[in-house]
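Asks: Mind folding the following:
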Amino acid sequence: MELSILKVFTNTLKVAEGDQCLVSGEHILVSDMDTKLDDIYFSLQRLPLHGRVELNGFPLNTGGTFSWGDLHSLRIRYQHDGSEVLQDDILLEVTDGINSAEFVLHIEVLPVNDEPPVLKADLIPMMHCSESEEVAITSEYIFATDIDSDDSKLVFTIARKPQHGVVRKAGITTDHFSQGDVISGAVTYKHTGGEIGLVPHFDTITLVISDGEAGPFVNGCCYDVPHPSFPLHQSFPVYDLNITVYPIDNQPPSITIGTMFVVDESFSAAITINHLSATDPDTAADDLEFVLVSPPQFGYLENTLPSVGFEKSNMGISVGKSWFHDRK
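Replies: All right, here's what the predicted structure looks like:
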């Protein structure tokens, strides 16, 4: 039985005029002694008047929901519409499945006096990487310009790390790098997720682009405490770099010997997966092939299935190889 009261505490969200900002656990704090945070959900009760709320880059409408996990993983953003109004708010409801409470997240809009970095318009939206391999992150995938700064000194900071790999600079895992590093070819993505099976996996790196010459700290947009990776700017473009990881057939099959194979004198018997089987994380079972290296001394192997395009059985014809699916 739940006896505790669901409590919500908020800190004002600060965002530069016309910009977007991550909504995190620093802005919305939930207290519920009887419920795991993973069971906490939020619903949008009223849209902000001067912007929109986004989940993974897609706008949320009235009644749209997101989880505490989405909030904690920095998947929620507020996008300001660029108007001159310097205040906004979001009406939300939080629930643990039994109790619920409405609350307002206040937004302070900071006027902008300089130009933020701007991402190149025709960036390639998806990188490709083979399983367990490493690929360069080049300016075809991430590139920005800033009329107030040297473009090579723009800083890319990782706001959300990839789930199946790491970002490296000159061979060392890093959480930030400059555009000059990208141009020189020093920045890479390395897949570290091991075997992925038969289908591709998808990974994402969320990057915040800032002006490296502006100073060592940020106060306002996305964080209300100093963070050494961000310069002192009021607006930060956020970009999701998507990666497709493709499987590689680089593992040999594993053979399993089952129960003893028994056949009566002068008779035949079927060899099934109970006697002989194989698995391969990189290959579908029906594509595995057994090849006869040394024939039996007092008999022969036959595949009684008809050849492709024929109906007559191949019984009595010795074979040198067999497909895995023929023994099912």
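Asks: Just the buried positions in stretch 172-179, please.
Replies: 174, 176-179 (16 or more other CB atoms under 10 Å). The C-beta positions use only the backbone N, C-alpha and C, and glycine is treated the same way.
Asks: and what of stretch 79-94?
Replies: Those would be 79-80, 88-90, 92-94, for stretch 79-94 by 16+ other CB under 10 Å.
Asks: could the residues you listed be laid out in CSV, adding distance to residue 265?
Replies: Below are the buried residues of stretch 79-94 laid out as CSV (distance: CB to CB, whole Å):
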residue, distance to residue 265
79, 81
80, 86
88, 88
89, 88
90, 83
92, 80
93, 79
94, 77
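Asks: Okay, and which of those map to strands?
Replies: In strands, defined here by DSSP state E, the members of the buried residues of stretch 79-94 are 79-80, 88-90, 92-94.
Asks: And the residues you listed, which is closest to residue 31?
Replies: Of all those, the one with the least separation from residue 31 (CB to CB) is residue 94, at 10.4 Å.
Asks: do you know how far the closest one is from residue 121?
Replies: 38 Å (CB to CB, to the nearest Å).
Asks: Same question for residue 181.
Replies: 22 Å.
Asks: The two: who's more crowded?
Replies: Ranked by neighbour count (other CB atoms under 10 Å), residue 181 and residue 121 place residue 181 first, with 18 against 6.
Asks: element containing the more buried one?
Replies: Assessed by DSSP states H and E, residue 181 sits inside helix 179-184.
Asks: From the contact counts, what lies against that helix?
Replies: Under the contact definition 3 or more CB pairs under 8 Å, 6 or more residues apart in numbering; DSSP states H and E, helix 179-184 sits against strand 154-160.
Asks: Listing partners with orientation, what would you give for the strand it packs on?
Replies: Here strand 154-160 is paired, per DSSP bridges, with strand 176-178 (antiparallel), strand 201-211 (antiparallel).
Asks: which residues are contacting it?
Replies: For strand 154-160, contacts defined as CB atoms under 8 Å, 6 or more residues apart in numbering pick out 22, 73-74, 117, 142, 144, 146, 167, 174-179, 182, 204-212, 222, 229-231, 238.
Asks: Please repeat the previous calculation with a cut-off of 7 Å.
Replies: 22, 73-74, 117, 142, 144, 146, 167, 175-179, 205-212, 229-231, 238 (CB atoms under 7 Å, 6 or more residues apart in numbering).
Asks: Same check on stretch 195-210?
Replies: For stretch 195-210, the surrounding residues in contact (CB under 7 Å, 6+ apart) are 74, 117, 119, 131, 142, 144, 154-160, 162-165, 167, 193, 230-231, 233, 236-247, 251, 281, 284.
Asks: Going through those residues, which ones are buried?
Replies: The neighbour count (16+ other CB under 10 Å) marks 74, 117, 131, 142, 144, 154-160, 162, 164-165, 167, 230-231, 233, 236-239, 241, 243, 245, 247 as buried among the contacts of stretch 195-210.
Asks: any weak-confidence spans in the stretch 201-328 of the chain?
Replies: The stretch 201-328 of the chain contains residues with pLDDT under 70 at 212-235, 249-251, 280, 282, 285, 307-328.
Asks: how about the strands of it, start to end?
Replies: Counting by DSSP state E, counting those that start in this stretch, the stretch 201-328 of the chain has strands at residues 201-211, 238-246, 254-257, 276-279, 289-291, 321-323.
Asks: Reformat these as TSV; add distance to residue 42.
Replies: Shown next, in TSV, are the strands of the stretch 201-328 of the chain (distance: least, CB to CB, whole Å):
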stretch	distance to residue 42
strand 201-211	20
strand 238-246	20
strand 254-257	47
strand 276-279	44
strand 289-291	53
strand 321-323	53
